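1. below is the sequence, then the predicted model.
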Amino acid sequence: MNSDFMSLMAGVIHFFSQPMNWQGPGSIPAHIIEHVTYVLISTLIGAAIALPVGIGLGHSGRGGLMAINISNIGRAIPSFGVIILVFLLVGYGVIPVIVALVALAIPPMVTNSYVGMREVDPTVRQAAVALGMTGWQRLWQVELPIALPLIMAGVRTSAVQVMSTATLAAYVGLGGLGRYLIDGLAVRDLAQVLVGAILVAVLAVVTELLFAGLQKLITARGLQ
Amino acid sequence: MNWGWVASNTHQITAALLQHVQLVGLSLLFGFLIAFPLALLAVRWPRLYGPSLAVTGVMFTIPSLALFILLMPFTGLSMATSLIGLTLYTLLILFRNIVQGLRGVSPSVREAARALGYTRARRLFAVELPIALPVIVAGIRIAAVTIIGMVTVTALIGQGGLGQLFITGFTLSFTTPLIVGFVLSVALAVAVDLALVAVLYWLTPWQRGIR
């Protein structure tokens, strides 16, 4: 077992040290760009759908519990099944992957933006009303800035989950870092699998850190 | 939707569903058995909280597919591979919620129990845990629902419950098994979620009627 482990590590180092793995199509940078493209598109589409819903429901305070329950159940949607099902329905392309990843990205963002808006202190809301602010002004100038940290936490959770699930794209013939996992599994080349795992884990951690920094940057100074 | 396929494959479908339930149940059980003592330690010694959260958080970040494949040389194409991977995924959610629940117990309640002469263990089981229960159960709900979706990925390494139906559908280019697997998996999540809500309601009679 120990010598297996050593040869596995040697394989990983060998893979990373090959110049051909660093340039051209099918190389590490190319797979990373494909991977990040899937993630960016899906997270942005997901945010465009989820944030208005969560923020709107939180602002009005109506129908929220229902939305939260539906969105929690949305977590149970198996991304693996969605990818294959949409693949069989529309054929080869990025659509199956984007559909599955968008479905994965939506629930945490809906839940967090709703909770963030609901947790704004009622006395703050009342003060804004007493100042004569319109509903729209209260939303943009009072509630959103206060809710922003929680909303961003939702976006961050979604982005990290999408980042690690985008590996499934390789199962339906697309690119991204999942290629190393699926191809490595097919030929039992564990060094290749480990390379893929390391790269995705690093990307996920980088995403976490980027969002943590962004969150700090956009949080109103009075709330820090 | 081809109902004939469903009728002639009920055996395969039932077996896949049962394996799914088994994998989810066992990984939650093992996850709780690890997360609970860890959470107790982290509440007792707050310094342990940060590092424990970081370790369980990193495990949560590794893509499930990669983790399952990487466990294979050690545990092979067995149920253990799926179980270890799934258990690791439950840890972050369970650990965080148990700690949050226990920390949420108001100090005055804790002191009252102490003034009544409760030992540390009795205080934990008779006072703190019941108060923390709603937060802990909320964690179990999220973990359960997340794991129910994730089990399907383990089909790629041989033991995937309803995920087996996804692979069947993919190899046959046939949507019926996919729809069956999909519907059963979401239905299972709803059922488990509602069951946990019911258990919480039954375990916390003092919370009824309060909102």
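-> Arrived safely, thanks for sending. Owing to the predicted nature of the structure, the values given are computational and were not obtained by experimental measurement. Residues are numbered from 1 along each chain as shown, chains lettered A, B, ... in the order given.

2. where in the chain is pLDDT low?
-> Just so you know, I chose chain A. For chain A, the stretches flagged by pLDDT under 70 are A:1-3, A:223-224.

3. not quite, go with chain B.
-> B:209-211.

4. next SSE after the longest helix along it?
-> Assignment by DSSP state H gives helix B:10-44 as the longest helix of chain B. The helix or strand immediately downstream of helix B:10-44 is helix B:49-61, counting by DSSP states H and E.

5. how far off centre is that following helix?
-> In terms of C-alpha atoms, centre = their mean, to the nearest Å, the centre of helix B:49-61 is found 16 Å from the chain centre.

6. mind giving me the packing neighbours of that helix?
-> Here helix B:49-61 touches helix A:190-218, helix B:10-44, helix B:79-103, going by 3 or more C-beta pairs under 8 Å, 6 or more residues apart in numbering or on different chains; DSSP states H and E. The way it works is simple: take the backbone N, C-alpha and C, and place the C-beta from them, glycine included.

7. out of these, nearest to residue A:154?
-> Proximity to residue A:154 (C-beta to C-beta) singles out helix A:190-218 among the helices and strands packed on helix B:49-61, at 10.3 Å.

8. is that closest one positioned near chain B?
-> Yes. For helix A:190-218 and chain B, the contact criterion (C-beta under 8 Å from any C-beta of the partner chain) is met by A:190, A:193-194, A:196-197, A:200-201, A:204-205, A:208.

9. just give me the closest of those residues to residue A:60.
-> Nearest to residue A:60 among the residues of helix A:190-218 next to chain B: residue A:208, at 31.9 Å, using C-beta to C-beta.

10. now the closest one: closest residue in space that isn't a chain neighbour?
-> residue A:160 (5.8 Å; C-beta to C-beta, 6 or more residues apart in numbering or on different chains).

11. which ones are touching the one you found?
-> For residue A:160, the contacting residues are A:204, A:207-208, B:61, by C-beta atoms under 8 Å, 6 or more residues apart in numbering or on different chains.

12. against chain B, how distant is the residue nearest to residue A:145 when sequence neighbours are not counted?
-> Leaving aside its chain neighbours, residue A:145 sits nearest to residue A:220 (4.8 Å; criterion: C-beta to C-beta, 6+ apart). Distance of residue A:220 to chain B, given as C-beta to the nearest C-beta, to the nearest Å: 25 Å.

13. so residue A:220 makes contact with residue A:148?
-> Yes. Contact criterion C-beta atoms under 8 Å: residue A:220 and residue A:148 qualify, at 7.3 Å.

14. now for the longest helix of chain B, which elements pack on it?
-> helix B:49-61, helix B:79-103, helix B:129-150, helix B:163-172, helix B:175-203.

15. between those, which one is nearest to residue A:82?
-> Taking C-beta to C-beta, helix B:175-203 is the member of the helices and strands packed on helix B:10-44 nearest to residue A:82, at 7.6 Å.

16. any buried residues in that closest one, and which?
-> B:175-182, B:184-186, B:188-189, B:192-193, B:196, B:200 (16 or more other C-beta atoms under 10 Å in any protein chain shown).

17. same for chain A: which of those residues are within range?
-> Checking the buried residues of helix B:175-203 against chain A (C-beta under 8 Å from any C-beta), the matches are B:175, B:178-179, B:181-182, B:185-186, B:188-189, B:193.

18. redo those residues as TSV? Include distance to residue A:13.
-> Output for those, formatted as TSV (distance: C-beta to C-beta, whole Å):
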residue	distance to residue A:13
B:175	44
B:178	40
B:179	45
B:181	40
B:182	41
B:185	39
B:186	43
B:188	43
B:189	42
B:193	45
